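In: model this:
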Amino acid sequence: MTEPVIALTKALIAEKSISPDDKNCQKLIIDRLKPLGFVIEEVNIGQTKNLWAYHGDATSKTLMFAGHTDVVPAGDESKWLYPPFSPTINEHGVLYGRGASDMKSGVAAMVCAAEEFVKRNPNHAGRVAFLITSDEEADATDGTVKVVDLLIERQERVDYCIVGEPSSNAVLGDQIKNGRRGSLTANLVVHGVQGHVAYPHLADNPVHRFAPALNELVSTVWDEGNEYFPKTTMQIANINGGTGAENVVPGELCVQFNFRYSSELTDAIIKTRVEQILQKHNVNYTLTWRLSGHPFLTPQGDLTNAAASAIKELTNIDTELSTSGGTSDGRFIAKMGCQVIELGVLNKTIHKVNENANCQDIITLTAIYYRILEKLLLA
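Out: Next up is the predicted model:
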């Protein structure tokens, strides 16, 4: 295919930009935006490359596109139909490659939509902006979160933000993410006393000690959710204990578990309830926490209406608003007080072997982004 957005998507996929290494992805973007008069600011922190770029009047409404150029590792490349960093379109018009859906197609669609919009409307009202990072798939510590803090400090205006994450479920545009649950991870060490299995009275088995508390943790109903969010869930991610010997009582048990929580709870409430359960069952423990993001929500308004209208016009699909799924950099951007949605291609192959995206979907997504720009900046 010769469409510009497909060519750019392929060029981005060809860059082996495993997080946080951007390779040359952001240079490809800059080379497209700079000739159009975009102000370009590279905010590089440690190994992370960040791009802040904008075109137009900073005192008026700003629509910001946000995304990431980094990808997860390909895994066992022998299991791929095609080499993961050699973008390939099959006979059905499906583009294969790591990042095809998460989210180099979204980045390419944003760039091409903005490019066309500025060419046709060089004196457009408001401002078109980009916040692109190479640190989303890994630690997410030197990317969007740091740039957002900088933009807040500078009092940069952002009214609307479209994160190009793959949000669609069965067909393009069937779902818009207008919020996300919070994510809180616990790293628990249960302390016991190591000993011989034949002399349990001389040991204190941390697995046995923790078992009743674990049962209560996994059976607890943390909340019932609400009209915007499903109920909070708790899942064990990792658990490890023992020396590998069959005749040794372990001295400690390491457990990692994660909460995806609704706006009915706060991280402080969850932490308190977990500690109460552990203390109730006389667990001797050390516990540390990692908060990945608070829950956020963009109620129905200008941005969701513009996106839903554009999707209907171009696909004849009635989209639905959803807060399901994992986290994204939208959790950091929401701190700016702007309306935030996630809108992108299908998410069914993200992080998988043979990740792919339909070329026609990428082309249509570009048109949807363009139409949203018209609705919000030309109205």
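In: find the nearest non-adjacent residue to the most centrally placed residue in the chain, please.
Out: Centrality entry for the chain: nearest residue to the mean C-alpha point is residue 328, 2.3 Å, by C-alpha atoms, centre = their mean. Closest residue in space to residue 328, ignoring its immediate chain neighbours: residue 165 at 4.9 Å, by C-beta to C-beta, 6 or more residues apart in numbering. No exception for glycine: its C-beta is placed from N, CA and C like everyone else's.
In: neighbours around that neighbour, how many?
Out: Using other C-beta atoms under 10 Å, residue 165 has 28 neighbouring residues.
In: surely it and residue 345 touch.
Out: No: in this structure, residue 165 sits apart from residue 345 without contact. The criterion is C-beta atoms under 8 Å, and the distance is 9.3 Å.
In: list residues touching both of those two?
Out: For the pair residue 165 and residue 345, residues contacting each of them under the criterion C-beta atoms under 8 Å, 6 or more residues apart in numbering are residue 106.
In: so what are the domain limits for this protein?
Out: 4-180+295-378, 182-293 (the TED database).
In: now the shortest one: mean pLDDT?
Out: Translated: domain 182-293. Domain 182-293 shows a mean pLDDT of 96.
In: who touches the helix or strand hosting residue 257?
Out: Per DSSP states H and E, residue 257 falls inside strand 252-261. Defining contact as C-beta under 8 Å, 6+ apart, one finds that strand 252-261 is touched by 181-192, 206-207, 210, 214, 217, 222-223, 232-241, 267, 270, 295, 326.
In: in PyMOL, how would I select just the buried ones from the residues you listed?
Out: One line in PyMOL is enough to select the buried members of these, burial here meaning 16 or more other C-beta atoms under 10 Å:
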select buried, resi 181+182+183+184+186+188+190+192+206+207+210+214+217+222+223+232+234+241+267+270+295
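In: among the contacts of strand 252-261, which are in strands?
Out: When DSSP state E is applied, the contacts of strand 252-261 are split such that 182-191, 233-241 fall in strands.
In: what's near enough to touch the residue lying closest to residue 74 once chain neighbours are set aside?
Out: Closest residue in space to residue 74, ignoring its immediate chain neighbours: residue 84 at 3.9 Å, by C-beta to C-beta, 6+ apart. Under the criterion of C-beta under 8 Å, 6+ apart, the contact list for residue 84 reads 74, 77, 96-98, 355.
In: give me that answer again for 6 Å
Out: When the contact criterion is C-beta atoms under 6 Å, 6 or more residues apart in numbering, the partners of residue 84 are 74, 77, 97-98.
In: JSON lines for those, including neighbour count?
Out: Putting the contacts of residue 84 into JSON lines (neighbours: other C-beta atoms under 10 Å) gives the following:
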{"residue": "74", "neighbour count": "18"}
{"residue": "77", "neighbour count": "13"}
{"residue": "97", "neighbour count": "28"}
{"residue": "98", "neighbour count": "27"}
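In: from these, which is closest to residue 371?
Out: Distances from residue 371 to these, taken as C-beta to C-beta, are shortest for residue 97 (26.9 Å).
In: the helix ranked longest in the chain - what's its average pLDDT?
Out: In the chain, taking DSSP state H as the definition, the longest helix is helix 359-377. For helix 359-377, the mean pLDDT works out to 98.
In: now for it, which elements pack on it?
Out: Secondary structure elements in contact with helix 359-377, counted by 3 or more C-beta pairs under 6 Å, 6 or more residues apart in numbering; DSSP states H and E, are helix 4-13, helix 104-120, helix 302-315.
In: on that earlier part again, right, so the domains of the chain: which one is the most enclosed?
Out: Comparing the domains of the chain by mean neighbour count (mean count of other C-beta atoms under 10 Å), domain 4-180+295-378 comes out on top with a mean of 20.
In: if I look at the residue nearest to residue 328, how far off is residue 330?
Out: From residue 165 across to residue 330, the span is 8 Å (C-beta to C-beta, to the nearest Å).
In: and what of residue 6?
Out: Distance check for residue 6 against residue 330: by C-beta to C-beta, it reads 26 Å.
In: hmm, back to that, so which of the contacts of residue 84 sit within helices?
Out: For these, membership in helices holds for none, with DSSP H as the criterion.
In: pick out the most distant pair among those residues.
Out: With distances taken as C-beta to C-beta, the most widely separated pair in those is 77 and 97, at 11.6 Å.
In: let's have the helices and strands packed on helix 359-377 in TSV, adding distance to residue 251 and mean pLDDT.
Out: As requested, the helices and strands packed on helix 359-377 are exported to TSV (distance: least, C-beta to C-beta, whole Å; pLDDT from 0 to 100):
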stretch	distance to residue 251	mean pLDDT
helix 4-13	48	98
helix 104-120	47	98
helix 302-315	53	98
